[in-house]
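**Student:** Predicted model, plus sequence, below.
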Amino acid sequence: MGLIFDSITGHGLIELPVISSPFGKLTFCESNRHIPFEIARSYLVYDVPDSSERGGHAHRYQMSVIFAMHGRFRVTVNDGRKATSYWLDSPHQGLYMGKMLWRDINSYSGSAVCGGLSSGHYDEGDYIRDWDSFVAEVRTRNA
Ligand code: TYD
């Protein structure tokens with residue numbers, strides 16, 4: 001398995017191993033192997049009502065990988081110049097998002113469960129929750 005994206009700033013899909021048996025499937029991931037950072041935090045998003053819009057933020061330094069552990073949803077990632085959409089619908093496929101990427105998450109199917117892994121402990125100071133502030137920070141960093 002190769003990581004074909006920039007593991008600091010890029011985004012892309014990660015395929016996790018699947019161990020199949022007549023009794024079901026098992027998927028796993030390890031820090032710095034399947035996940036391109038040391039995992040500091042995990043979280044779940046569930047019981048999402050129809051037409052919910054989640055995300056709507058970027059992280060200044062933290063990296064994350066999210067999975068559709070059940071059901072499906074759409075993630076649109078924007079680096080301030082270009083937007084890319086991904087449908088997540090498989091527990092063995094994660095979406096890696098490096099730092100400074102705006103993400104909008106919507107179109108959750110009923111009973112969808114989103115699992116997230118992050119490189120840092122929860123820190124509201126790492127969030128940028130205003131689009132104009134995000135674009136301004138991107139411009140400053142690229143200046
Ligand atoms: P947020 O990251 O904005 O969720 P989403 O991107 O799914 O819309 O988090 C929603 C709320 O939950 C916000 O008040 C922060 C809080 N939160 C924590 O306290 N710890 C965590 O690990 C996460 C991910 C969120």
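**Tutor:** That came through, no problem.

**Student:** Retrieve the pLDDT associated with residue 9.
**Tutor:** Note on residue 9: pLDDT of 77.

**Student:** Now it. Nearest residue, chain neighbours left out?
**Tutor:** Spatial nearest neighbour of residue 9, chain neighbours left out: residue 98 (4.4 Å); criterion: CB to CB, 6 or more residues apart in numbering. All C-beta spots, glycine's among them, are computed from the backbone N, C-alpha and C.

**Student:** That neighbour: how many residues sit nearby?
**Tutor:** Number of residues near residue 98 (other CB atoms under 10 Å) recorded here: 23.

**Student:** Check residue 37 too.
**Tutor:** 19.

**Student:** Count the neighbours of the residue lying closest to it once chain neighbours are set aside for me.
**Tutor:** Nearest residue to residue 37 in three dimensions, chain neighbours excluded: residue 119, at 4.1 Å (CB to CB, 6+ apart). Residue 119 has 21 neighbouring residues, counting by other CB under 10 Å.

**Student:** give the contact list for residue 119.
**Tutor:** Contact analysis of residue 119 by CB atoms under 8 Å, 6 or more residues apart in numbering lists 37-40, 62-64.

**Student:** ok, now residue 29?
**Tutor:** Here residue 29 is in contact with 16, 35, 65, 94, 117 (CB under 8 Å, 6+ apart).

**Student:** The second one: neighbour count?
**Tutor:** Which is residue 35. Neighbours of residue 35 (other CB under 10 Å): 22.

**Student:** Please name the residues that touch it.
**Tutor:** 14, 29, 65, 94, 96, 117.

**Student:** Model confidence for the residue with the largest distance to the centre of the chain, exactly?
**Tutor:** Within the chain, residue 22 marks the point farthest from the mean C-alpha position, 30.7 Å out by CA atoms, centre = their mean. On the pLDDT scale, residue 22 is placed at 98.
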